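Engineer: for reference, the sequence and a predicted model appear below.
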Amino acid sequence: MSRGSVLSLIAGLLVVGCLAQVAMALPDDAGTDPAGQVVADATPVITPEPQPATNASIELEVTPAPEVTPGPTASPVVDANAGPVVTDPPAETPAPVPTTEDVVALPVVDPTPEVTVAPEVAVTPETPVNEPVTAEPAAEPAEPAGPGTKLQGVRIAPPNPAFTWYLSRKNLSVVSSAGGRLGYIPPPVDLSNLRGARVSWANVESQAADNGMDLTVETADIQAGGYPATYDLRALGRVSGVRDQGDCGSCWAFASYGSLESDLLPGQAWDFSENNMLDNNLWDQGHCDGGNDLMAIAYLSRWAGPVNEKADPYSLDPVTTIPDAKTRKHVQDVYYVPGPWGSTGDYSNVKSAIMNYGGVYTLLWWDPAFYNPQTASYYYTGETQDYYTYSNHAVTLVGWDDNYDPARFTYTPSSTGAFIAKNSWGTGFGDGGFFYISYEDWIAGKFNAVYTAEPVKNYRHEYQWDDLGWSGNMGFTGTDENGYDTVLDTAWGGNVFTAVDKEEIAAVSFYTTGENTEYTAYVYTDPDNGPVAGAGPKAMKAGSLEFAGYHTVKFDSTVPVNAGQKFSVVIRLKNPSYELPLAVEARYPGFTSRAVAYSGESYVSPDGMAWQDAAPDNGGETDMNVCLKAFTVPPTPPPDARFTAAPKKGKLPLKVLFKDRSLRKPVSWLWDFGDGQTSAERNPVHTYQAAGTYTVTLTVKNTGGEDSMEKERLITVTQDTKKIRPKVDHIKKGENPEPNDDE
């Protein structure tokens, strides 16, 4: 078969049709809880799974990628105090080519005709009416589908063209090059839609504040003063040391940590272990066989890392067990920062990201013919590539110089200006490990990401089914008002979990596949219709996210669950910039072979009313899991009711100020003033209208329980009467009154 025929066949077959939930390898102390769910701090119980069947067999003129036999069912729970997940390297067997099906039919879960919304949430989650404030007016709720009704078709995104292109060339992206090794491999997901958008940063600042983070430079300050002509994070102490990846295709890991370490500087200086990311990302790639940002995000978002470099030092050889390695940060948000469409354009997004977050992960096409070693400058003109989204190397942008002389490049761009980039080829490369990239470079600065982190004590447990992360996009097809088939811009996803302990659901995380995506997130307890419950949601949060990427959203109030209790998180996503809004974990043999999905884990819906199980009960060989995680905090202790009152005595009418002094953060208050009157205010002012002595009681509540304090005879109110002098006869001094005749 000719190479062209192979490429055509691959392009027609490869798609996120072979989908599954990950079989995540567990730490040595992992096992199952009484409910049969795998927990990260028990004894291992491992049941081998059968090798997935090959759905197609074609002859390829490429080097086969290693295939990994799916392991046991993944742990959906990660303990914040547990170490990272460590896995054995994949066995090297030829990889089959996945089959393609653009629209797949999934089994229908009978919808609940009516869902009563909990009093505290004034929305109907099973209908698409949960628009954020900035969204369009909600449509009228649709009639719920009856049992067995066939829903709109599930639409799966075709594979990334760059990924298909890579498959035909295999090791091209990781071959040695002048100066060092490369290592970027395009992911199965096509992210080319992320270029060209201009974001306002307003919601980015708001979300950062919600997560307890301060942006380094306020957006208003940037807009008012513009961007400086030169900016260098090295001068601000916000660049970690230059590393050397050696003869290993690991640039993607070094560039990812170049961004994360820079974000934490100057306050926190870290050197994270690229080695641990290479060995434990769960994708099929070997230790030095290359990778990409989605692999890094999957590894970090499931709390497998980052690990300290001293705990797992860099090596060109894989190491399968690092017993003392501990996760040092929790990565909760990674933003994809859009660059311009063409070889020139507006880099405001990238410059804002550098100033706000530090180093920015970016891609380029490295060809030594376009590098000038005398000036440490690089300008790729795009002449050797027919499609500029193809990349083979990742670096970290750490600044810029608008006045950089174009004559310093091997090929002269038409204008001045260049980014300052940190490479991972040691200090002997370029200018101490750094080099300049022209603004007109065909690839660099167009696709970018920034990594952020939070302390490891932010949450107690992480619940998930998508250990391999974002590897496919999906949406739904429907009909427009004219009866024509169309792809809907809204999709719903939900995951069902079983609580491993008494705790409280505090946050949810998910991916957005395009800029300015509107979301509504829900929490349900005891779901009885797929991922939803007839009693309605216990918590809800709605908003809009400026950047595509991985996001964590905190609920305004937590939802308590007991050990062994089922709960679910549900997400509604509306993406105005991309027609497939839901990120899923999909199986690609040779890349994400550990992805395994089982019935009852993930659900999808076009409208939030009629739900489909994302994995038919077929042994986990195909299908998908929704990229949607839940985070918990320890149970809130019940409050300790306390209060004061002043004044405690006085005449009618007596006005008294009551002040709540309760401990452990109550969220509701109920005062009983003893005169038949009550108040739900925290610090009420009450006026007594009748004389008497009154006993006052305060009852406070939070998610952990309630407590009351009663103070007997606390308030005394007296009648305001004027003193009356007794009547007496005026007797002159020295005179005695005459005796009464009656005496």
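Structural biologist: All right, it came through fine.

Engineer: and the top helix by length along the chain, C-alpha only, in CSV?
Structural biologist: Using DSSP state H, we find that the single longest helix of the chain is helix 251-264. Extracted C-alpha coordinates of helix 251-264, given in CSV (Å, rounded to 0.1, in the frame of the first residue of the first chain):
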residue,chain,number,x,y,z
CYS,A,251,11.1,19.0,25.9
TRP,A,252,7.4,19.1,26.6
ALA,A,253,8.0,18.2,30.3
PHE,A,254,10.7,20.8,30.7
ALA,A,255,8.7,23.5,29.0
SER,A,256,5.6,22.7,31.2
TYR,A,257,7.6,23.0,34.4
GLY,A,258,9.4,26.1,33.0
SER,A,259,5.9,27.7,33.1
LEU,A,260,4.8,26.3,36.5
GLU,A,261,8.1,27.0,38.3
SER,A,262,8.0,30.6,36.9
ASP,A,263,4.4,31.1,38.1
LEU,A,264,5.5,30.3,41.7
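
Engineer: and that helix, what other elements does it pack with?
Structural biologist: helix 274-280, helix 293-301, helix 348-357, strand 360-364, strand 393-401, strand 447-454 (3 or more Cβ pairs under 8 Å, 6 or more residues apart in numbering; DSSP states H and E). Backbone N, C-alpha and C define where each C-beta goes, glycine included.

Engineer: let's see it at 7 Å
Structural biologist: Helix 251-264 makes packing contacts with helix 274-280, helix 293-301, strand 360-364, strand 393-401, strand 447-454 when contacts are defined by 3 or more Cβ pairs under 7 Å, 6 or more residues apart in numbering; DSSP states H and E.

Engineer: okay, the angle between the last one and helix 251-264?
Structural biologist: Translated: strand 447-454. Angle, strand 447-454 to helix 251-264, by axes from the mean of the first three to the mean of the last three Cα atoms, to 10 degrees: 50 degrees.

Engineer: tell me the mean pLDDT for strand 447-454?
Structural biologist: Averaged over strand 447-454, pLDDT sits at 96.

Engineer: which secondary structure elements does that strand sit against?
Structural biologist: Where contact means 3+ Cβ pairs under 7 Å, 6+ apart, strand 447-454 is packed against helix 251-264, strand 330-338, helix 348-357, strand 360-364.

Engineer: again, but for the third one
Structural biologist: Contacts of strand 360-364 with other secondary structure elements, assessed using 3+ Cβ pairs under 7 Å, 6+ apart, are made with helix 251-264, helix 348-357, strand 393-401, strand 447-454.

Engineer: direction included, what does the helix or strand following it pair against?
Structural biologist: Proceeding N to C from strand 360-364, the next assigned helix or strand is strand 371-372, under DSSP states H and E. Using DSSP bridges, strand 371-372 pairs in its sheet with strand 377-378 (antiparallel).

Engineer: contacts for the partner strand next, please.
Structural biologist: Applying Cβ atoms under 7 Å, 6 or more residues apart in numbering, the contact partners of strand 377-378 are F370, Y371, R408, F409, A418, F435, Y436, I437.

Engineer: would you list these in CSV and tack on pLDDT?
Structural biologist: Listed next are these as CSV, based on pLDDT from 0 to 100:
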residue, pLDDT
F370, 94
Y371, 96
R408, 98
F409, 98
A418, 97
F435, 98
Y436, 98
I437, 98
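
Engineer: okay, the angle between the longest helix of the chain and helix 348-357?
Structural biologist: With the same axes, to 10 degrees applied, the angle from helix 251-264 to helix 348-357 works out at 60 degrees.

Engineer: okay if I get the helices and strands packed on strand 447-454 as TSV plus mean neighbour count and mean pLDDT?
Structural biologist: Shown next, in TSV, are the helices and strands packed on strand 447-454 (neighbours: other Cβ atoms under 10 Å; pLDDT from 0 to 100):
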stretch	mean neighbour count	mean pLDDT
helix 251-264	28	98
strand 330-338	25	96
helix 348-357	24	94
strand 360-364	28	96
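
Engineer: now render the ones you listed as JSON lines, adding distance to P634.
Structural biologist: As requested, those are arranged in JSON lines below (distance: least, Cβ to Cβ, whole Å):
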{"stretch": "helix 251-264", "distance to P634": "25"}
{"stretch": "strand 330-338", "distance to P634": "15"}
{"stretch": "helix 348-357", "distance to P634": "30"}
{"stretch": "strand 360-364", "distance to P634": "34"}
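
Engineer: so which of these is nearest N473?
Structural biologist: In terms of Cβ to Cβ, the element of the helices and strands packed on strand 447-454 nearest to N473 is strand 330-338, at 13.5 Å.

Engineer: now render the helices and strands packed on strand 360-364 as a markdown table, adding distance to G705.
Structural biologist: Shown next, in a markdown table, are these (distance: least, Cβ to Cβ, whole Å):
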| stretch | distance to G705 |
| --- | --- |
| helix 251-264 | 38 |
| helix 348-357 | 40 |
| strand 393-401 | 49 |
| strand 447-454 | 28 |
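
Engineer: out of these, which comes closest to L663?
Structural biologist: Proximity to L663 (Cβ to Cβ) singles out strand 447-454 among the helices and strands packed on strand 360-364, at 26.4 Å.

Engineer: looking only at pLDDT, what's the mean for stretch 543-554?
Structural biologist: Across stretch 543-554, the per-residue pLDDT values average to 95.

Engineer: swap that for stretch 463-481, sorry
Structural biologist: In this model, stretch 463-481 has a mean pLDDT of 91.

Engineer: buried ones in it?
Structural biologist: If you call a residue buried by 16 or more other Cβ atoms under 10 Å, then stretch 463-481 has these buried ones: 463-478.

Engineer: since that was my last question, I'll sign off now.
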